[in-house]
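Trainee: What follows is a predicted protein model with its sequence.
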Amino acid sequence: MGMLDKTKLIGVELKKHLPFTLLGAATGIVFMLAGRQWFSNQAETLFSVFHPLHVLLSAMVTAALFEIHRKVKSFLLILIIGIVGSIGVATLSDCVLPYFGESILGAAIPTHAALHEHADGQLCEEHHAKLHLGFVEEWYLVFPAAIIGVLLAYFKPTTHLPHASHVLLSTWASSAHILMNTHADMTTTLLLGMFIVLFLAVWLPCCASDIVFPLLFVGPDGKHESHTCVFCRKKGAKNES
């Protein structure tokens with residue numbers, strides 16, 4: 001399979017993943033609306049749950065793909081690939097992209113921010129968006145999650161995990177990150193902006209890890225199987241029948 005064929009296949013796969021990723025982003029908006037009303041003070045706790053789970057699942061897939069297709073038996077090498085790959089993708093998806101979205105949208109600045117200004121005219125620190133890096137601030141949760149994911153993959157390497165769970169966990173972790181920094185009123189414009197941020201934060205990194213990464217292992221025979229997307233694989237099978 002040539003580079004042009006791989007590029008076309010990636011485009012087809014990304015297009016196939018659009019509907020469910022859009023649905024996932026919609027659940028993220030519902031999550032934030034509910035969270036803002038009922039557990040806004042627990043956003044950091046929710047992030048500490050969803051982000052490590054996302055890392056665990058990503059580590060399982062990354063390590064399994066590397067072990068199966070590269071036929072690598074070195075546990076140390078698989079461990080390094082699994083940890084770096086999973087934490088890298090999860091940090092980009094759950095932390096970095098949501099942070100930039102929050103900053104661009106001004107979600108951290110409430111409409112009554114002027115009431116909380118200091119004498120020098122500077123906003124209080126709590127009203128500035130903060131980049132919350134899970135592998136730094138919750139390293140004791142994130143790294144063990146990645147290691148457990150690699151161990152599961154090492155002793156029973158399987159890549160047939162539902163892409164749906166990957167998308168939803170990443171969406172909810174990203175939503176929790178946004179919720180931690182959101183002090184502005186939930187206007188229609190802000191919600192629309194957040195929907196776009198959630199969509200991009202999940203669609204690009206997660207689909208890249210589930211689609212582009214497996215394609216790196218496609219051999220000269222050109223055979224390709226969607227390893228992680230059970231949802232899309234079943235859908236494709238129905239269309240072919």
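Mentor: Received the coordinates, thanks. Keep in mind that this is a model prediction, so the values were computed, not measured.
Trainee: Check the gap between residue 148 and residue 41 for me.
Mentor: For residue 148, the distance to residue 41 equals 29 Å [CB to CB, to the nearest Å]. Every residue, glycine included, has its C-beta placed from N, CA and C.
Trainee: Could you check how far residue 130 is from residue 50?
Mentor: 18 Å.
Trainee: who has more neighbours, these two?
Mentor: Ranked by neighbour count (other CB atoms under 10 Å), residue 130 and residue 50 place residue 50 first, with 24 against 14.
Trainee: Which helix or strand contains the more buried one?
Mentor: Using DSSP states H and E, residue 50 sits within helix 43-70.
Trainee: Show me what that helix is packed against.
Mentor: With contacts taken as 3 or more CB pairs under 8 Å, 6 or more residues apart in numbering; DSSP states H and E, helix 43-70 sits against helix 75-91, helix 134-137, helix 139-155, helix 163-181, helix 213-215.
Trainee: What is the first one packed up against?
Mentor: For helix 75-91, the elements it packs on are helix 43-70, helix 134-137, helix 139-155, helix 188-207, judged by 3+ CB pairs under 8 Å, 6+ apart.
Trainee: what's it in contact with?
Mentor: Contact partners of helix 75-91, identified using CB atoms under 8 Å, 6 or more residues apart in numbering, comprise 51, 54-56, 58-60, 62-63, 66-67, 72, 133-135, 142-143, 146-147, 149-150, 153-154, 170, 173, 205-206, 208-209, 213.
Trainee: On the C-terminal side of it, identify the next helix or strand.
Mentor: helix 97-105.
Trainee: pLDDT of that following helix, averaged?
Mentor: Taken as a whole, helix 97-105 has a mean pLDDT of 90.
Trainee: who are the neighbours of it, in terms of helices and strands?
Mentor: helix 163-181, helix 188-207.
Trainee: what angle sits between the longest one and helix 97-105?
Mentor: With axes from the mean of the first three to the mean of the last three CA atoms, to 10 degrees defining the directions, helix 188-207 sits at 150 degrees from helix 97-105.
Trainee: Now do helix 188-207 and helix 75-91, the angle between them.
Mentor: 160 degrees.
Trainee: got the contact list for helix 188-207?
Mentor: Contact with helix 188-207 is made by 13-14, 17-18, 21-22, 24-26, 28-29, 32-33, 89-90, 92-94, 97-98, 101-102, 104-105, 107, 163, 166-167, 170-171, 174-175, 178, 184, as judged by CB under 8 Å, 6+ apart.
Trainee: circling back: okay, residue 148 and residue 41: which has more neighbours?
Mentor: Each of residue 148 and residue 41 has its neighbours counted (other CB under 10 Å); residue 148 has more, 15 against 8.
Trainee: Tell me which of the helices and strands packed on helix 75-91 is the most buried.
Mentor: helix 43-70 (a mean of 23; mean count of other CB atoms under 10 Å).
Trainee: if I pick residue 104, what's in contact with it?
Mentor: Counting by CB under 8 Å, 6+ apart, residue 104 makes contact with residue 193.
Trainee: need the longest helix for the chain.
Mentor: Longest helix of the chain, by residue count under DSSP state H: helix 3-38.
Trainee: Now do the same for it: mean pLDDT, whole number.
Mentor: Mean predicted lDDT for helix 3-38 stands at 78.
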